[in-house]
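J.: Just the structure for this:
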Amino acid sequence: MSQFTPTDFVNFISSFTSLHNIELKDMCPHATTYRKTDEYFIAEDSAIHFHSSDLNDWVFDLRKLLLDREDCDGFFCWILLEDDDTPKDSFKLLVFNYDKLENKVTAFLSEKELDAFNPIDLDSEFPELNVDYSEPLVIH
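T.: Purely as a prediction, here's the structure:
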């Protein structure tokens, strides 16, 4: 089976923003599930968005997403980042993916918007998000 790549995300987000008539730069953090074949990814059109700034809430929501969509092969999440090095009206983009079959998280950070994605160590940048998503979700 194919590995998730930044190109998969760029293809998805281009279609998603066009379909919903929204600008990527105006989006809060989102996540969606996908299924994959030997040739391509099939991303769900529906996505969840995060309003909380607490990353632990995001982890809960992502685990719940996996529970609600048991037939998926994983999820990917995208987060717009701005810092002092980012030009005004521009952003960097963090994309991270959880592959259920491999129980593996991978992450990429763009240099500018949808250009020049580089792999990053999620544990060193956002350790709260680098958890074992295969652990059962316990809801009291």
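J.: what residue ranges in the chain score low on pLDDT?
T.: In the predicted model of the chain, residues 1-2, 45, 83-89, 140 satisfy pLDDT under 70.
J.: And the residue nearest the centre of it?
T.: C77 (1.3 Å; Cα atoms, centre = their mean).
J.: Tell me where this structure has strands.
T.: Using DSSP state E, the strands of the chain run over residues 30-36, 41-43, 48-49, 74-81, 92-99, 104-112, 115-120.
J.: contacting residues for the nearest residue to the residue nearest to the centre of the chain once chain neighbours are set aside?
T.: Nearest non-adjacent residue to C77, counting by Cβ to Cβ, 6 or more residues apart in numbering: A31, 3.9 Å away. In this view, the C-beta of every residue, glycine as well, is placed from N, C-alpha and C. Contacts for A31 (Cβ atoms under 8 Å, 6 or more residues apart in numbering) come out as 47-48, 50, 58, 61-62, 65, 75-78.
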